[in-house]
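Colleague: sequence first, predicted model second:
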Amino acid sequence: MKKTCYLIVVSALMAGCELDNYEAPSATLSGKVIDFETGESIANGGVNNGTRIQLFEGNATQPIITNSFPDGHFVNAALFPGDYKLVTLGAFEMVEDTMRVTVAENTTADVKVIPNVRLKAVLQDFDETTAIVKVTYSKVAEEQVLNQLAIVWSTIDNPNMFTFFGGGQQTMDVASENLTAGDVIFTITDLKPETTYYVRAAAVTNNPGNYYNYSTTLTTSSQH
């Protein structure tokens, strides 16, 4: 009797395994978050500080969330082929409210967004312990106020205003100046000799969520 019961249980388990043996998601969606006017990738703060890609399959209400990398690109290699609605969360407003994307084996889709501020950082001088950086800024969102200009540096790549291991940050509060575009010079001192630092400009407007915009990363090693 015990053997018979044991065989019934094993058979049921095997049948259950066969029923649940679905193919794993195999499609990939990759792309970049780009400036709607310039077509350039938009740098961001990375995980929890940058643009998040939400994908809704068919009529689903629960999104599949993919974080974008600090340089603006994103990859999700675990999707089922099908039709998706794409919506962004975070630092930038999409040009369109939503995008429709048909995901096949390897699909690419760039997401056009409106940055709050365009930023560029240029290393003007460097002498092992001091770096002089020019930050060029241009506010894009006319209805927003430019609250702060900043620079952040670290011994780790792609620092942001909340993560700058081995480095620091400088900020300028400019809300009362009603700035729209221009240049500002930051001087970074007390750097360690023979050490490579990664530097990014940052700015924040009074946008929902108070997300920072960032420049691409420059390094002090290029001046050694």
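Modeller: It's in.

Colleague: relative to L86, how far out is the residue nearest to L79 when sequence neighbours are not counted?
Modeller: Of all residues beyond its chain neighbours, the one nearest L79 is A27 (4.5 Å), with distances taken as CB to CB, 6 or more residues apart in numbering. The way it works is simple: take the backbone N, C-alpha and C, and place the C-beta from them, glycine included. Distance of A27 to L86, computed by CB to CB, to the nearest Å: 14 Å.

Colleague: between those two, which one's more packed in?
Modeller: Between A27 and L86, counted using other CB atoms under 10 Å, L86 has the larger neighbour count: 21 against 17.

Colleague: hey, what's the more buried one bridged with?
Modeller: Using DSSP bridges, the bridge partners assigned to L86 are L55, M99.

Colleague: separation between it and I156?
Modeller: Between L86 and I156 the distance, using CB to CB, works out to 30 Å.

Colleague: I'd guessed Y197 sits against G167; true?
Modeller: Yes: with contacts counted by CB atoms under 8 Å, Y197 reaches G167, the gap being 6.3 Å.

Colleague: so is the residue lying closest to T38 once chain neighbours are set aside in a helix, a strand, or just coil?
Modeller: Counting by CB to CB, 6+ apart, T38 lies nearest to R118, which is 7.8 Å off, once chain neighbours are set aside. At R118, secondary structure determined by DSSP: H, G, I helix; E, B strand; the rest coil is strand.

Colleague: burial count for R118?
Modeller: Based on other CB under 10 Å, the number of other residues close to R118 is 19.

Colleague: contact partners for it?
Modeller: Contact partners of R118, counting by CB atoms under 8 Å, 6 or more residues apart in numbering, are D35, T38, Y137, S138, V140, N213.

Colleague: got those as JSON lines, with distance to A201 columns?
Modeller: Supplementary listing: those in JSON lines, determined by distance: CB to CB, whole Å:
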{"residue": "D35", "distance to A201": "15"}
{"residue": "T38", "distance to A201": "16"}
{"residue": "Y137", "distance to A201": "7"}
{"residue": "S138", "distance to A201": "12"}
{"residue": "V140", "distance to A201": "15"}
{"residue": "N213", "distance to A201": "9"}
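
Colleague: just to revisit the earlier point, shared neighbours, Y197 and G167?
Modeller: Where contact means CB under 8 Å, 6+ apart, the residues bridging Y197 and G167 through contact with each are W153, S154, T155.

Colleague: state the pLDDT value of N59.
Modeller: At N59, the predicted lDDT confidence score is 88.

Colleague: can I take it that it is in a helix?
Modeller: No: secondary structure of N59 (three-state DSSP): coil, not part of a helix.

Colleague: closest one to A109 out of the contacts of R118, please.
Modeller: Checking those against A109 with CB to CB, the nearest one is D35 at 15.7 Å.

Colleague: show the contacting residues for the closest one.
Modeller: D35 makes contact with S41, I42, K112, V113, P115, R118, according to CB under 8 Å, 6+ apart.

Colleague: ok, G31 next?
Modeller: G31 touches H73, F74, T108, A109, D110, V111, counting by CB under 8 Å, 6+ apart.

Colleague: got a markdown table for those, with pLDDT, neighbour count and distance to T130 too?
Modeller: Written out in a markdown table, the entries for the contacts of G31 read as follows (pLDDT from 0 to 100; neighbours: other CB atoms under 10 Å; distance: CB to CB, whole Å):
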| residue | pLDDT | neighbour count | distance to T130 |
| --- | --- | --- | --- |
| H73 | 94 | 14 | 33 |
| F74 | 95 | 21 | 36 |
| T108 | 96 | 11 | 42 |
| A109 | 94 | 17 | 43 |
| D110 | 95 | 16 | 39 |
| V111 | 95 | 24 | 39 |
